[in-house]
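Colleague: got a predicted model here, sequence first, then my questions.
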Amino acid sequence: MMMRRWIKGLGLAALGMMGLGGAASAGTVYGVDNASRIIKVDTVTKTETVVATTGLGGSANGLALDTNANRLLFRSPDASALRAFDLTTNLLTTVATATPLPGSSASAAYYANAYWYVQNNTDDLVKVDLSTPTATVTTFLDFDGSAASSYGFGDIVISTQGILYGSSSRGFFSLDVSGATPGAFTLLNSRTPQLQLAMLGDGSIIGQQHDGVNAGKWYNVSLTGDTTLIPNFQTAPLRDLASSAVPEPGSIAMMGLGGLGVLALARRKSRRAA
């Protein structure tokens, strides 16, 4: 009976790791504040903690969590080189790129071993491929395919399925970046306010107002751009947010297969003992 319960629990855990079970915990998001400090925000307890002071000045932006290397990527100033803060060693380094990064990053996200950002006040999406020691830079011009030529941010997040969501001066939009070339741009909500965004472990989006009368307040953001104020949740205003540590699609699949493999082994052992 005990073995049967253990097997059942392991099976449910495997399904959860594959994203087929219950929702993941909200967890932690990271931000960078006006003094270029790294801030950790617990979205459950609604509290903030200073992780590190970078000493790089007051205009850091374009924050993204590299889940493969457990590091935060950002630019400080926001039109300079790409920086990396290692969350394990607390070391700050500069990421080598084959060519300088174009423009400034007022928004950024990590997906498929790459750092993505929209060059501020343009409609150009930049991909910094981190799969090689010297990162390569690719710019996709006119990602929206429309007459609009300038997007102010706001922020972007990218789901594990490769769908980019953006909060911009033109509203809330989506863009498919899972293929070789971004496509399927959709303006979802022209009334969504400009928010700093993070995607939580369950795939939901949370946002914070950086300035104005609601500076520091947090919101739930639907995938269509509707916002709902989260009660009693206000922290210091953050210049940019980085999403929770959501596994890459390949990692999720491997975790699921690993869990099922252990499950199969347990079943074999159970049969032998019977």
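Modeller: Looks like it arrived, so ask away. Bear in mind that the values here come from a model prediction, so they are computed numbers and not experimental data. Numbering: from 1, shown residues only.
Colleague: residue 106 contacts residue 120, doesn't it?
Modeller: Yes. Contact status for residue 106 versus residue 120: in contact at 4.2 Å, counting by Cβ atoms under 8 Å. Placement of C-beta: from N, CA and C, glycine included.
Colleague: between those two, what contacts are shared?
Modeller: 78, 152-153 (Cβ atoms under 8 Å, 6 or more residues apart in numbering).
Colleague: returning to that earlier point: residue 106 and residue 120: who's more crowded?
Modeller: residue 106 (26 against 21; other Cβ atoms under 10 Å).
Colleague: do you know how far that one is from residue 168?
Modeller: Using Cβ to Cβ, to the nearest Å, we find residue 106 at a distance of 9 Å from residue 168.
Colleague: so what sits against both of these two?
Modeller: Overlap of the contact sets of residue 106 and residue 168 (by Cβ under 8 Å, 6+ apart) consists of 118, 152-154.
Colleague: now the buried members of those.
Modeller: Of the members of those, the ones counted as buried by neighbours, 16 or more other Cβ atoms under 10 Å, are 118, 153-154.
Colleague: looking at the residues you listed, which are in helices?
Modeller: Counting by DSSP state H, these place none of their members in helices.
Colleague: got these as TSV, with distance to residue 97 and pLDDT columns?
Modeller: Output for these, formatted as TSV (distance: Cβ to Cβ, whole Å; pLDDT from 0 to 100):
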residue	distance to residue 97	pLDDT
118	17	95
153	21	91
154	24	92
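Colleague: where do the strands of the stretch 101-250 of the chain begin and end?
Modeller: Ranges of strands in the stretch 101-250 of the chain, per DSSP state E, counting those that start in this stretch, are 109-111, 114-118, 125-129, 136-140, 153-158, 163-168, 171-176, 183-189, 196-199, 205-208, 217-221, 227-234, 238-242.
Colleague: ok, residue 165 touching residue 172?
Modeller: Yes. Between residue 165 and residue 172 there is a contact under Cβ under 8 Å: 7.0 Å.
Colleague: spit out the contact partners of the nearest residue to residue 161 once chain neighbours are set aside.
Modeller: Using Cβ to Cβ, 6 or more residues apart in numbering and skipping the chain neighbours, the partner closest in space to residue 161 is residue 178 (6.5 Å). By Cβ under 8 Å, 6+ apart, the contact set of residue 178 is 112, 161-163.
Colleague: before we move on, back to that, which of residue 165 and residue 172 has more neighbours?
Modeller: Using other Cβ under 10 Å as the criterion, residue 165 and residue 172 rank with residue 172 on top: 29 against 22.
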